[in-house]
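Asker: Next come a sequence and a model predicted from it.
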Amino acid sequence: MKIICTFNCLKITAMDEHLSMDQVFIKKLTDIVLANLANENFGVEELIIQAGMSRSSIHRKLRSITHQSVSQFIRETRLQRALEMLQSNVGTVSEISYMTGFGSPTYFNKCFHEFFGYPPGQVKKGDFNNNENNILNNVFEKHEKKRLARRTFTLAISGILILASLVLFFIYPGYIIIPNSSAPENLKLKDKRKTVVVTPFQNMTGDSTKNYLRTLIQDNLVTNLSYFPEELTVRQTESVNYLIQSKSITNDDLFVSNNAGLISKKLDADFIINGRIGKVGPIRIYAQLIDSKTGEIIQSFEKEASSWEELTFRFIDAFSEQVKNFLIISVLKKNIYSGIQKFASTDSLNAYKAFLNGQMAYFKADYRTAIENYLNALEVDSGFVAAAVMLTLSYSNLGQRDDSKYFCDQARYWCDKAYSKRSQISEHQMILANYAHALIYESPYERIKYVNQLLEFDSQLPNFIYNKGLFYNALHQYERAIPEFNKVLQIYKKWGVKPERSSYITQLGIAYHETGEYRKEQRLYKNADSYFPDNQYIIRRQAILFLTVGNIVSANHVIEKYIKILKDNSESDAAIAAKLGEIYSGAHLLDKAEEYYTQALNLEPESHTRLNSFAWFLIDKDKDIIKGLEYVEKALELSPDNHFYLDCKGWGLYKLGKFQEALDVLNKSWDLRPLYRYAVYQHLEAAKKAFADQKLSIE
């Protein structure tokens, strides 16, 4: 029997005469990925187009079958085929990495090791089928157990409810949340996993026939919370109830904080959930989430039914969902230290989890994956302002990195979406929308204003504090940037976690460098090595520092290391030469920098990117402005309406004193820019002033 394709718990074979619809769907997607296997640019968008389905449809269906995103499906299909090829000795590890579309052997090794648990170099012939079957069987067993457990629980609860009452009607009433303004601050969590105890609910109705509801609600909450093992450990009902009985704790005692704390302490729990069923007019289920260490009530919950017939399993499940969503979202917010979580408000757990997946991808600079997850979050909750803001930032980063009009247009679209809702949202979300608008349309001064407003809500938001420093760097106000960057590092030190991005180090390093604080800069990079070992951006800044202070031996050492990292990442010789030019330019060793820029251009003489990079160096450093203008003209012949190249040309004309021509070119650059660029604005303002002064002097 020949296996055609395998994925998670699905196996499709040549002997299958009647494939299920799910199997046909997976086979279709797998065939498309395999047909494009060697194309490293084949991704989510390309799969969606070739599958002929909408983004939302393909995402929902794939999630329901495999519990994976589209990007995960593509990557793991590539890895499964790579393993097969390694077993068949099709080529070397490096060759197979390219044949399966990974582009970089280093990245392939990382993905392969993370997925299979061992590096590709250790694959031996004959291991493939056994290893694959073990993986698939484990995945199948896990999902099958979860599915059967859910089904068994549902059937059992349904039986209890039928016995308890013959007149239950399944409807969904509304619910009321009783907020506690201090709630998020009470969940200052350091570990990823927290333990919760749920006690039996207190029957306050005076009707003993309703006692079954005590453990019914308890079981329902335990089951709902148990589906999130990465975030929570939930003590099972048997352990909790046995302890209560052994300690002779009555129903009334459960609402006494000392006893709640005793139960939590005995069961090593961080939080306890207890509650009441009461009947004063309408029937109410009431619960409270308690910090077991302090006895403080973190949040209260209440749900109201008009009659016993309304108090169905679905009613109880909706109540459990309300408690679960608050607890999981709160835990997730405190487990991920990105500042924007503070302002990420949604009632949907699915939307919030998609948002967090986006955050994790965003801080790895994987903006495409981040975008996919933010879009998923907005599909669930279209009013999720924080997701729209992060989409703005992700598209903006891609637009600036790739100089892509499409990405910049998308950044503006999502920025406008968030901004248009500012009259319908809370004050802090309105400021967040204003902040996103400033990032796309306004100057660093406006951005700093909104960051300060956001920091009034919470002064411990590292990403916003970092951005404030970044804006000061853009304004060349390095003395004001330094304390902001240092605040960020102090927050992470206090939390006991490493900074999320290496740029938190490099931007502070730039500020130190520009203010001549070289010793502080050197200590910064040395300390950062434990957080970001062999990080190319930190090594690059080290090279600039050593060259600047004349430590040539150390400079040569880190430059060799830098070149090796670039080669491991499959950078071209021209790209490496250009980056070395940037290093020597940053250290003001302009002759050496010119050598490397020349080398890069000789390797790729028809590249408009190389032409403009060399031109900018010659013009901005006043090395040879006329020659720089010649190169930028060649770049503009290849890419006529490139706003970066027009800015370069305009700046060169300004430096030659041709203010009228400079003004015309810089105005064109400004009009063509897809997003706000402060550097272009500065150049344009300088040209305007110079032209006005020149005109005035003639008159």
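Answerer: Nice, I can see it. Numbers count the residues shown, from 1 in each chain.
Asker: quick one: the helices in the stretch 251-400 of the chain?
Answerer: Per DSSP state H, counting those that start in this stretch, the stretch 251-400 of the chain carries helices over the ranges 257-266, 313-335, 349-362, 367-380, 385-402.
Asker: what's the answer for the stretch 51-200 of the chain, then?
Answerer: Along the stretch 51-200 of the chain, the segments classed as helices by DSSP H, counting those that start in this stretch run 55-66, 70-87, 93-99, 105-116, 128-164, 183-186.
Asker: Tell me which of the helices of the stretch 251-400 of the chain approaches Y537 most closely.
Answerer: Proximity to Y537, assessed across the helices of the stretch 251-400 of the chain by Cβ to Cβ, is greatest for helix 385-402 (13.9 Å). The way it works is simple: take the backbone N, C-alpha and C, and place the C-beta from them, glycine included.
Asker: Could you check the angle that closest one makes with helix 367-380?
Answerer: Comparing the axes of helix 385-402 and helix 367-380 via axes from the mean of the first three to the mean of the last three Cα atoms, to 10 degrees yields an angle of 150 degrees.
Asker: What are the contacting residues of the following helix or strand past helix 385-402?
Answerer: Per DSSP states H and E, helix 385-402 leads on to helix 405-420 as the next helix or strand towards the C-terminus. Applying Cβ atoms under 8 Å, 6 or more residues apart in numbering, the external contacts of helix 405-420 come out as 385, 388-389, 391-393, 395-396, 398-400, 432-434, 436-437, 439-441, 674-675.
Asker: C-terminal to helix 405-420, what's the next element?
Answerer: helix 427-441.
Asker: I'd assumed L672 was in contact with D641.
Answerer: Yes. With contact defined as Cβ atoms under 8 Å, D641 and L672 form a contacting pair (5.7 Å).
Asker: Between those two, which has more neighbouring residues?
Answerer: Legend: neighbour count by other Cβ atoms under 10 Å for D641 and L672, higher for L672 (15 against 12).
Asker: Contact partners for the closest residue to that one other than its chain neighbours?
Answerer: Spatial nearest neighbour of L672, excluding adjacent residues (Cβ to Cβ, 6 or more residues apart in numbering): H643 at 4.2 Å. If you count contacts by Cβ under 8 Å, 6+ apart, H643 has them with S669, W670, L672, R673, P674, R677, V680.
Asker: now the nearest residue to the fifth one once chain neighbours are set aside: how far from C415?
Answerer: Yep, that's P674 we're talking about. Once flanking residues are discounted, P674 sits nearest to C408: 3.2 Å by Cβ to Cβ, 6+ apart. C408 sits 10 Å away from C415, going by Cβ to Cβ, to the nearest Å.
Asker: again with D381
Answerer: Using Cβ to Cβ, D381 is found at 18 Å from C415.
Asker: And V222, by the same measure?
Answerer: V222 is 43 Å from C415, where distance means Cβ to Cβ.
Asker: Which one of the two is surrounded by more residues?
Answerer: Neighbour count, other Cβ under 10 Å: between V222 and C415, C415 has more, with 25 against 21.
Asker: Can you give me the pLDDT of the closest residue to R673 other than its chain neighbours?
Answerer: Excluding the flanking residues, the one nearest R673 by Cβ to Cβ, 6+ apart is H643, at 4.6 Å. pLDDT for H643: 91.
Asker: ditto for the one 4 residues further on
Answerer: The pLDDT attached to D647 in the predicted structure is 96.
Asker: Is it in contact with Q682, as I believe?
Answerer: No. Assessed by Cβ under 8 Å, D647 is found out of contact with Q682, at 10.1 Å.
Asker: residues contacting I482?
Answerer: With contact taken as Cβ under 8 Å, 6+ apart, I482 is in contact with G469, L508, A511, Y512, T515, E517.
Asker: And the strands in the chain, which stretches?
Answerer: In the chain, the strands defined using DSSP state E lie at 3-7, 10-13, 176-178, 194-198, 202-203, 232-234, 271-279, 283-291, 297-305.
Asker: export the ones you listed to JSON lines and tack on mean pLDDT and mean neighbour count?
Answerer: Shown next, in JSON lines, are the strands of the chain (pLDDT from 0 to 100; neighbours: other Cβ atoms under 10 Å):
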{"stretch": "strand 3-7", "mean pLDDT": "40", "mean neighbour count": "18"}
{"stretch": "strand 10-13", "mean pLDDT": "42", "mean neighbour count": "17"}
{"stretch": "strand 176-178", "mean pLDDT": "26", "mean neighbour count": "11"}
{"stretch": "strand 194-198", "mean pLDDT": "84", "mean neighbour count": "23"}
{"stretch": "strand 202-203", "mean pLDDT": "86", "mean neighbour count": "19"}
{"stretch": "strand 232-234", "mean pLDDT": "79", "mean neighbour count": "19"}
{"stretch": "strand 271-279", "mean pLDDT": "85", "mean neighbour count": "23"}
{"stretch": "strand 283-291", "mean pLDDT": "85", "mean neighbour count": "21"}
{"stretch": "strand 297-305", "mean pLDDT": "83", "mean neighbour count": "19"}
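Asker: Quick one, which of these gets closest to E633.
Answerer: In terms of Cβ to Cβ, the element of the strands of the chain nearest to E633 is strand 3-7, at 53.2 Å.
Asker: For stretch 434-453, what does the pLDDT average out to?
Answerer: For stretch 434-453, mean pLDDT rounds to 92.
Asker: Could you do stretch 569-585 as well?
Answerer: For stretch 569-585, the per-residue pLDDT averages 95.
Asker: Show me what counts as buried in that stretch.
Answerer: In terms of neighbour count (16 or more other Cβ atoms under 10 Å), stretch 569-585 has its buried residues at 570-571, 574-585.
Asker: try stretch 352-365
Answerer: In terms of neighbour count (16+ other Cβ under 10 Å), stretch 352-365 has its buried residues at Y352, K353, A354, F355, L356, N357, G358, Q359, A361, Y362, F363.
Asker: before we move on, what about stretch 87-101?
Answerer: Of all the residues in stretch 87-101, those buried under the rule 16+ other Cβ under 10 Å are Q87, V93, S94, I96, S97, Y98, M99, T100, G101.
Asker: How much space separates R447 from F363?
Answerer: Plainly put, R447 is 20 Å away from F363 if you go by Cβ to Cβ.
Asker: Over to L636?
Answerer: Note on L636: its distance to F363, by Cβ to Cβ, is 36 Å.
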